[in-house]
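> Just a sequence and a predicted model for now, questions to come.
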Amino acid sequence: MRSRILAIPYNKRSHRCGELRGCDIDKQVLLAGWVNAARDHGGVVFVDIRDHTGVTQLRFNPAPTGGAHETAQRLHNEDVIAVTGRVLSRGEWVNPKMPTGEIEVEVDQIEVLSECAPLPFQLNDEFETSEETRLRYRYIDLRRPEMQEVLRLRHRVARAIREYFHENDFIEVETPFLTKSTPEGARDYLVPSRVQPGSFFALPQSPQIFKQLLMIAGYDRYAQIVRCFRDEDLRADRQPEFTQLDLEMAFVQREDVMAMVEGSAKRIFKDALGVEITTPLPRMTEEEAMERFGIDRPDTRFGMELKDVTEFMGEVDFKVFREAIDQGGVVKCLVAKQAESLTRKITDGLTEEIRGIGGAGLPLVKVNKGDNGVTFSTGVAKFLQPICAKLCEQVGADPGDVIFFMTGTFADVSKYLHYLRTRLATILDVIPKDRWDLLWVIDFPLVVWDEEEQRWFSTHHPFTAPLDEDIPLLDTDPGKVRDKAYDLVLNGIEIAGGSIRIHRQDVQRKIFSLLGIGPEEAKEKFEFLLEALRFGAPPHGGIAYGLDRWVMMLSGSESIRDVIAFPKTQRAVCPLTGAPGPVSQAQLDELYLSLKALPGS
RNA sequence: GGGGCCGUAGCUCAAUUGGCUAGAGUACCGGACUGUCGAUCCGGUGGUUGAGGGUUCGAAUCCCUUCGGCCUCGCCA
């Protein structure tokens, strides 16, 4: 028989669920939260109540407590309840595993504020629920303490950023989401205009041009945490909408922006994780990064650097290497130290993986101790044995090591050996834990030649300024021109990138022309920027941080989706809302849109 | 667009060489139990094996197509 239960003023919580301690014993308290677990012993009933601060054990005695005990017996996980009661010492039943384990609350009144239907998945399951299900019921997934901590870490990062830039005289200015398609770059998300039938807005890939206009407008220092949109295929570290910290400064050189960024990085690490990082941060040119690591965002937490051994191969009778070199290619290698654990099965697997990303094969040798120094075995040993000693000395290989080779164009060799290096680091477990390797990569090529389209493309974007001393090369050898860009890399992930911008109209026109953006197109797409550059543009530069990637790194998450409250799947749909979805014919008519036949219909 | 892995009860997973009524844990329902804290114990409900087609006496298992999820190359200034 259910007794009448008095309503509890849940808006007057005396404490949060993770707060009570031994010093609170005997206090009368009012708690509200979710049922984390219920243990019914027939007599006494224990219920753990949870909110974002933690968990407290409630005790329901069968004694005359106005029906509270009976209600407690019917509770399910994730019911929302409010209780009043008295804090008691747990005496001999203290639970040292819980922060509130010294006490429990003896409940005198309970009110079920909201019942929970059978859950689609258990919050505290020992098994990890599939991401598909978690995203479908994201609001349940987000209740998990792990997710709560990630989103709170994200907040600490955002707050540290806002405070730091505010203290340094930056102002936050909002820029349009409904804007114009930018040239090059990613595919745009488009929004049709109703009042301008046949015309479309593009959602911004970044506020790049607007922040430059703000500099021209004299705001001196701007910083904004802002959403950006790119309609490209997704990855573990990419979402169609993602968040940047976007900033721009006037009257600055590269050094000034980099120093400001380093200060913010220091602040973020301290406020978000309590970690002290040392500044100034190390720097590396793009050329050196490519040479040593095969990638422009090197993970410097471990060695296994790439070594160029092209010059040694002249003495070797190995057709594969010879032919590649004759065609202008290179031969590089990397040395896996003390790699006895690399079985044939593993190296065969790696060869397959390299083939999977477009490589031809993976020549290798094992280094052994011979009667007179070192010898090679397996793989391409018979070809390389003549230069064994010399090669080992050059690349620092010792008995027990395995040397992997790659040949082809510099770009291909870099790509495959970089892939191999990171895979080997995982397999051989050589990446130190709890290490934060921040580093600047600078002096990128301003433009790269695209063989397919037979034209130059910006390495970063068309507004990046060239190094002053390289400007003359724009006419003679554009591929040699370096730019005033800088990328910030953390443990091998690019987490920020920016540059000093072009602030002179003549230079900007020249770059557009180099990129094959003709006067017509330039005029059509951003006459407003070229025009603005005519009216007193200060030298300026800035940077954008990938906020999601920062949080992903700082929280140790493997996917950007784990640090976004409501992310999309790899096919860019939201399993929770079902977006994107069809719209009514009336909506289409209003926009003067008609749909072509859909694929598969 | 290409390559790879995966899909069995609400959830997490089993199921021998293609062979018995597709099982277990958990959740859910019912019962027992006064110190648990992943409570325990007893009983029960629950299945279009992602979908469609094929091979076979017989398919979760083999073949084809397709849908979905994840990783990745291209792409992402």
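Received, thanks. Residues are numbered from 1 along each chain as shown, chains lettered A, B, ... in the order given.

> Tell me where the model's unsure across the stretch 101-250 of chain A.
A:125, A:183 (pLDDT under 70).

> residues in the stretch 101-250 of chain A within reach of RNA strand B, list them.
When proximity is defined by CB under 7 Å from any atom of the strand, the stretch 101-250 of chain A lies next to RNA strand B at A:101, A:104, A:118-122, A:124-133, A:182, A:184-187, A:205-206, A:208, A:230, A:232-238. Where you see a C-beta, it was placed from the backbone N, CA and C, and this is true even at glycine.

> can we see that at 6 Å?
Taking CB under 6 Å from any atom of the strand as the measure of proximity, the stretch 101-250 of chain A contacts RNA strand B at A:104, A:118-122, A:125-127, A:129-133, A:184-186, A:205-206, A:208, A:230, A:232-233, A:235-236, A:238.

> Quick check on the residues you listed: which are buried?
A:104, A:129, A:205-206, A:208, A:230, A:238 (16 or more other CB atoms under 10 Å).

> could you pull out the helices for the stretch 451-600 of chain A?
A:473-476, A:505-514, A:519-534, A:547-555, A:585-590 (DSSP state H, counting those that start in this stretch).

> Would you mark the buried spots in the first one?
Translated: helix A:473-476. Here helix A:473-476 shows A:473-474 as buried, counting by 16+ other CB under 10 Å.

> Tell me the one of the buried ones among the residues of the stretch 101-250 of chain A next to RNA strand B nearest residue A:579?
residue A:230 (16.8 Å; CB to CB).

> ok, back up a step: could you identify which of the helices of the stretch 451-600 of chain A is most buried?
helix A:547-555 (a mean of 23; mean count of other CB atoms under 10 Å).

> List of residues touching it?
For helix A:547-555, contacts defined as CB atoms under 8 Å, 6 or more residues apart in numbering pick out A:149-150, A:153-154, A:157-158, A:161, A:225, A:237, A:239, A:242-245, A:268-269, A:272-273, A:490-491, A:493-495, A:557-560, A:562-564.

> Buried subset of the residues you listed as a PyMOL selection?
Buried members of these, defined by 16+ other CB under 10 Å, are picked up in PyMOL with:
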select buried, chain A and resi 150+153+154+157+158+161+225+237+239+242+243+244+245+268+269+272+490+491+494+495+557+560+562+563+564
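
> taking the contacts of helix A:547-555 one by one, which sit in strands?
Those of the contacts of helix A:547-555 mapping onto strands are A:225, A:242-245, A:490, A:493-495, per DSSP state E.

> tell me the contacts of residue A:417?
Residues in contact with residue A:417 (CB under 8 Å, 6+ apart) are A:294, A:306, A:332-334, A:404, A:406.

> who wins for most neighbours among these?
residue A:406 (29 neighbours; other CB atoms under 10 Å).

> tell me the contacts of it?
Counted by CB under 8 Å, 6+ apart, residue A:406 has contacts A:331-333, A:359, A:362-363, A:412-413, A:416-417, A:420.

> Of those, which one scores lowest on pLDDT?
pLDDT across those is lowest for residue A:359, at 85.

> what about residue A:102, neighbour count?
Counted with other CB under 10 Å, the neighbours of residue A:102 add up to 19.

> Over to it: give its phi and psi.
phi -70, psi -20 (degrees, to the nearest 10).

> Check the average confidence over stretch A:260-275, would you?
Averaging pLDDT along stretch A:260-275 gives 97.

> tell me which of the contacts of residue A:417 is nearest to residue A:346?
Scanning these for proximity to residue A:346, where the rule is CB to CB, the winner is residue A:404, at 11.8 Å.

> What strands line up against the helix or strand hosting that closest one, and which way round?
Assigned by DSSP states H and E, residue A:404 belongs to strand A:402-408. The strands that strand A:402-408 pairs with in its sheet are strand A:330-336 (antiparallel), strand A:364-370 (antiparallel) (by DSSP bridges).

> Need the CA coordinates for it. CSV is fine.
The C-alpha coordinates for strand A:402-408 follow below in CSV (Å, rounded to 0.1, in the frame of the first residue of the first chain):
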residue,chain,number,x,y,z
VAL,A,402,65.7,-3.8,-38.1
ILE,A,403,66.2,-1.3,-41.0
PHE,A,404,63.2,-0.5,-43.2
PHE,A,405,63.8,1.1,-46.6
MET,A,406,61.6,3.0,-48.9
THR,A,407,62.4,4.3,-52.4
GLY,A,408,60.6,6.6,-54.8
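
> Figure out how far it is from the centre of its chain.
Put simply, strand A:402-408 sits 30 Å off its chain's centre (CA atoms, centre = their mean, to the nearest Å).

> which parts of the helix or strand following that strand are buried?
Per DSSP H and E, strand A:402-408 leads on to helix A:410-427 as the next helix or strand towards the C-terminus. By 16+ other CB under 10 Å, the buried positions in helix A:410-427 come out as A:410, A:412-422, A:424-425, A:427.

> what's the answer for stretch A:214-231, then?
With burial defined by 16+ other CB under 10 Å, the residues of stretch A:214-231 counted as buried are A:214-217, A:219-226, A:228-230.

> for stretch A:266-283, same thing?
A:266-269, A:271-272, A:277, A:281.

> can you give me the helices in the stretch 1-150 of chain A?
Taking DSSP H, counting those that start in this stretch as the criterion, the stretch 1-150 of chain A contains helices spanning A:68-73, A:131-136, A:138-141, A:145-167.

> farthest pair in the buried ones among the residues of the stretch 101-250 of chain A next to RNA strand B?
Pairwise distances across those peak at 56.9 Å for A:104 and A:208 (criterion: CB to CB).

> before we move on, the earlier item: also within reach of RNA strand B: list those from the contacts of residue A:406.
Checking the contacts of residue A:406 against RNA strand B (CB under 6 Å from any atom of the strand), there are no matches.

> could these go into TSV alongside distance to residue A:599?
Below are the contacts of residue A:406 laid out as TSV (distance: CB to CB, whole Å):
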residue	distance to residue A:599
A:331	45
A:332	43
A:333	46
A:359	32
A:362	38
A:363	43
A:412	34
A:413	38
A:416	34
A:417	39
A:420	38
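
> so which of those residues comes closest to residue A:392?
The closest of the contacts of residue A:406 to residue A:392 turns out to be residue A:333 (CB to CB; 10.8 Å).

> Contacts only, for the closest one.
Residue A:333 makes contact with A:306-307, A:309, A:395, A:403-406, A:417, according to CB under 8 Å, 6+ apart.

> Nice, that's everything, thank you.
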